[in-house]
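**Student:** this one's structure only:
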């Protein structure tokens, strides 16, 4: 396929969407977008096999937005995701794609948030609903959602939803949706269960597969002595001096031990495990994504839905039990055409897992060893940014520009020193250069945003 035909402007998209794509510097479609968008725009059901980070959200998002009737506040599209994090990411990406469409309302319905706020928002209508199966079922049972006008159903990461036991929930939700609709099913793998589900819920779907072997990810395997595992981890972190690292552990206990160990040494580290309350989990992910922390230590379950762009390095502190899990871990680096690096530590009692990985992925492992495990503490990378948490959010009709304006105009902080701004329903999080944190905190002792007093604290 030539580059010319891979340009977004070759598609019959509304001008507002094309103008916005241009402002976002999206000119060429990714392979999954080039293959699925024509089918989606022509109204076909689609089953698409593509990995996380391939650009699938924009593929179905542009399809939905191109056909949306903004004048009607009836819910016209439903996107079902396996986790709250993924649902939030999808909703945020849809909002970015819809920036030049006036008065569009995109609502997330997930667990871990007060249901009453969601009920109140639904009462005013929403064009697009993005949610997790459990919370969507809850709203269906309460009769607080109405899908009578639904035109699009998207199942995102459908294989993972089946793995997590959501099949009955999904089928129950689908019973409450009109049979005349366009159904898009996205999945990283294509097991028999996906084929069965497609047969039940889709009409003559077009099957699209993008198996991109990412040759931009360099993989290094170190044979280690189990007793030196933590030391070797610290050594590799200082040797590579990466700005953004995910360290994967197989258990929650290992995760906690590694986080504590690295923290004691002075690394900027934060942990993500299944025991965290939803808001704490949200804050952990935000701090890592906005470059306020250098290292995220996580289990595979906790990292579900994690989509961090510009991830320099993945370290498998312990080799994954399953080769497919290893592929998912490693695939989190080297996104969007960037080079990536993945390092796996393997002790003698884990060699069988490494052999299985070699066979299943057609890999040839060149084993490395470290003779010297001493490391230089002066090479520990410290982030330039810190996160500010503000007691104001989407419910207060706050936009990133309102926060940026208050900090630059009123608090007189240089805009270059302000990083990512994330707004959730009740809170906002701002990455600010560490040198300016005190100034920002001082401002919010009296300062306001849109006339509303705001409490601030640094995370």
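**Tutor:** Everything's here; your move. Everything numeric in this text was worked out from a predicted model, so none of it was measured.
**Student:** Spit out the contact partners of residue 96.
**Tutor:** residue 24 (C-beta atoms under 8 Å, 6 or more residues apart in numbering). All C-beta atoms are positioned from the backbone trio N, CA, C, and that covers glycine.
**Student:** So it, which state does it fall into?
**Tutor:** Three-state assignment for residue 96 (DSSP: H, G, I helix; E, B strand; the rest coil): helix.
**Student:** If I look at it, what pLDDT would I see?
**Tutor:** pLDDT for residue 96: 88.
**Student:** Could you tell me how far it is located from residue 62?
**Tutor:** When distance is defined by C-beta to C-beta, to the nearest Å, residue 96 is 11 Å away from residue 62.
**Student:** go on, residue 161?
**Tutor:** Residue 161 is 23 Å from residue 62, by C-beta to C-beta.
**Student:** Looking at those two, which is more packed in?
**Tutor:** Per other C-beta atoms under 10 Å, whichever of residue 161 and residue 62 has more neighbours is residue 62, with 28 against 22.
**Student:** What is the neighbour count of residue 409?
**Tutor:** 10.
**Student:** Sketch out the strands for the stretch 351-459 of the chain, chain order is fine.
**Tutor:** 367-368, 385-390, 418-423, 428-433, 448-449, 452-453, 456-458 (DSSP state E, counting those that start in this stretch).
**Student:** For the second one, name the packing helices and strands.
**Tutor:** The helices and strands touching strand 385-390, judged by 3 or more C-beta pairs under 8 Å, 6 or more residues apart in numbering; DSSP states H and E, are helix 278-289, strand 428-433, helix 437-446, strand 456-458.
**Student:** Show me what it pairs with in its sheet, parallel or antiparallel.
**Tutor:** In the sheet, strand 385-390 lines up against strand 428-433 (antiparallel), strand 456-458 (antiparallel) (DSSP bridges).
**Student:** helix, strand or coil for the nearest residue to residue 277 once chain neighbours are set aside?
**Tutor:** In space, residue 277 comes closest to residue 112 once its chain neighbours are excluded; the distance is 7.9 Å by C-beta to C-beta, 6 or more residues apart in numbering. Secondary structure assignment for residue 112 (three-state DSSP): coil.
**Student:** What distance do you get for residue 112 to residue 314?
**Tutor:** Counting by C-beta to C-beta, the gap from residue 112 to residue 314 is 26 Å.
**Student:** neighbour-wise, which of those two wins?
**Tutor:** In this view residue 112 and residue 314 are compared by other C-beta under 10 Å, and residue 314 has more residues nearby, 23 against 12.
**Student:** Which of the strands of the stretch 351-459 of the chain sits closest to residue 193?
**Tutor:** Checking those against residue 193 by C-beta to C-beta gives strand 418-423 as the closest, at 34.4 Å.
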